[in-house]
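What follows is a predicted structure for the sequence shown.
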Amino acid sequence: MSDNLRGALLMCASMFFFTLNDSLIKSATQTLPLFQAVAIRGTLVLAGLLVLARATSGGGRGPRTGRDRLWTGLRALAEVASTVLFLSALQHMALADLSALFQSVPLLVTLGAALVFGERIGWRRLTAIGIGFLGVLIIIRPGASVFDPAALLAMAAVVCTVIRDLATRGISPGVGSVTISVWTAGAVTAFGYVASVPQGWIMPDGMETTKIVLASAALVGGYVFSVATMRAGEVGFVAPFRYTSLIWAIALGWIGFGTLPDGVTLFGAGIVVASGLYAFWRERQLRRKAAR
């Protein structure tokens, strides 16, 4: 098996586990208080990541410079905000609809990298970003009678996710991926416990406990496979396979909740995905030219 094929399969697996986590946590929070679920899941995920860090010789070095601590802290804060906004939106939106909106993240990260880090993007990729944004507007349909106010929470979660990914780029390569994940999971878990106090806790039943445990395992699996993905194959070849998350979301949304996205949402998602694939393809072409 080639490195590219292995990387593509790992990316598909990573997207499956992340989406499975979303599906399970959506189901669990229908009856459990949101922040209680965040706290319990976060505790289990943090334990899993600490075991992973130990298995990988500590997970790499931690952030030692002021710059790395700043970017790591910003990443943790953005992840906290993204998690809360995402799960709040997920309680009221279909899984596939929310996933469709999140397909815009790679395009917005490309734009953000140009604005924050001065990375060059030509008019072709800039046009692709603009077309992708039109796809987002088609999905959320502002002003239409079918507009879901929860989509505003979803878009805020998208923005926070973009900030998180940009902050990740600012961290020195020597800082371990698992270590960064531990910091982030710790911040989300701590916030979950604090925010759960006014909501109160209830005793979860066997099914709710099973869903939270499986969601935690799926989230750790997503982290593990995402790290492995970056170490196999060319990034330009492997990265587009992150869009398989939409396929998983449609399948799991139908299996778990009996929901399917309507034609307009699929059309908008198709525009976003096509724009993202073109942007990935264009970036790969430019890298090949630069390497000659």
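Happy to help now that I have it.

pLDDT score for the closest residue to Ser245 other than its chain neighbours?
Using CB to CB, 6 or more residues apart in numbering and skipping the chain neighbours, the partner closest in space to Ser245 is Met15 (4.0 Å). For the C-beta atoms, the positions are set from N, CA and C on the backbone; glycine is no exception. Met15 carries a pLDDT value of 92.

buried set for the host helix or strand of Met15?
Using DSSP states H and E, the secondary-structure element containing Met15 is helix 3-28. Judged by neighbour count using 16 or more other CB atoms under 10 Å, the buried positions of helix 3-28 are 6-28.

And for Gly174, the neighbour number?
By the criterion of other CB atoms under 10 Å, Gly174 has 12 neighbours.

Ignore what I typed, I meant Leu137.
12.

If we go by neighbour counts, what in the helix or strand hosting it is buried?
Per DSSP H and E, Leu137 falls inside helix 123-140. For helix 123-140, the neighbour count (16+ other CB under 10 Å) marks 125, 128-129, 131-133, 135-136, 138-140 as buried.

Tell me who's in contact with the closest residue to Phe86 other than its chain neighbours.
Once flanking residues are discounted, Phe86 sits nearest to Ala157: 4.1 Å by CB to CB, 6+ apart. Listed by CB atoms under 8 Å, 6 or more residues apart in numbering, the contact set of Ala157 reads 81-82, 85-86, 89, 102.

For stretch 77-86, what does the pLDDT average out to?
Rounded mean pLDDT across stretch 77-86 is 94.

Only alpha carbons, please: show it as PDB.
This file holds the C-alpha atoms of stretch 77-86, laid out as PDB (Å, rounded to 0.1, in the frame of the first residue of the first chain):
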ATOM      1  CA  LEU A  77      -9.600  29.000  24.400                       C
ATOM      2  CA  ALA A  78     -10.800  28.700  20.800                       C
ATOM      3  CA  GLU A  79     -11.400  25.000  21.300                       C
ATOM      4  CA  VAL A  80     -13.400  25.700  24.400                       C
ATOM      5  CA  ALA A  81     -15.600  28.200  22.500                       C
ATOM      6  CA  SER A  82     -15.800  26.000  19.400                       C
ATOM      7  CA  THR A  83     -16.900  23.000  21.500                       C
ATOM      8  CA  VAL A  84     -19.600  24.800  23.400                       C
ATOM      9  CA  LEU A  85     -21.000  26.500  20.300                       C
ATOM     10  CA  PHE A  86     -20.800  23.300  18.200                       C
END
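
How far off centre is that stretch?
Remark: stretch 77-86 is offset 10 Å from the chain centroid, using CA atoms, centre = their mean, to the nearest Å.

Starting from the helix or strand bottoming out on mean pLDDT in the chain, tell me the next helix or strand along the chain.
Using mean pLDDT, DSSP states H and E, helix 235-238 stands out as the lowest-scoring helix or strand of the chain, at a mean of 70. Toward the C-terminus, helix 235-238 is succeeded by helix 244-257 as the next helix or strand (DSSP H and E).

May I see the buried residues of the next helix or strand after that next one?
Next helix or strand after helix 244-257 toward the C-terminus (DSSP H and E): helix 263-291. The neighbour-count check on helix 263-291 (16+ other CB under 10 Å) flags 265-266, 268-269, 271-273, 275-276, 278-280, 282-284, 286 as buried.

which other helices and strands contact helix 263-291?
helix 95-102, helix 105-117, helix 123-140, helix 235-238 (3 or more CB pairs under 8 Å, 6 or more residues apart in numbering; DSSP states H and E).

what stretches of the chain score poorly on pLDDT?
Counting by pLDDT under 70, the chain contains low-confidence ranges at 56-62, 143-147, 227, 230-236, 291-292.

Spatially central residue in it, please.
Thr161 (6.8 Å; CA atoms, centre = their mean).

Go through the helix or strand containing it and flag the buried ones.
Assessed by DSSP H and E, Thr161 sits inside helix 150-170. Going by neighbour count (16+ other CB under 10 Å), the buried part of helix 150-170 is 150-151, 153-168.

And stretch 182-201, by the same measure?
182-189, 191-192, 195-196.

Over to stretch 83-92?
Neighbour-count burial for stretch 83-92 [16+ other CB under 10 Å]: 83-90.

still on that earlier bit, what's the most distant pair in the contacts of Ala157?
Greatest spatial distance among the contacts of Ala157 (CB to CB): Ala81 and Phe102, at 14.7 Å.

Among the buried residues of helix 123-140, which one sits closest to Leu98?
Among these, and counting by CB to CB, the member closest to Leu98 is Ile139, at 9.8 Å.

how much space is there between the closest residue to that closest one other than its chain neighbours and Ala114?
Excluding its sequence neighbours, the residue lying closest to Ile139 (CB to CB, 6+ apart) is Gly268, at 3.8 Å. Distance, Gly268 to Ala114, using CB to CB, to the nearest Å: 24 Å.
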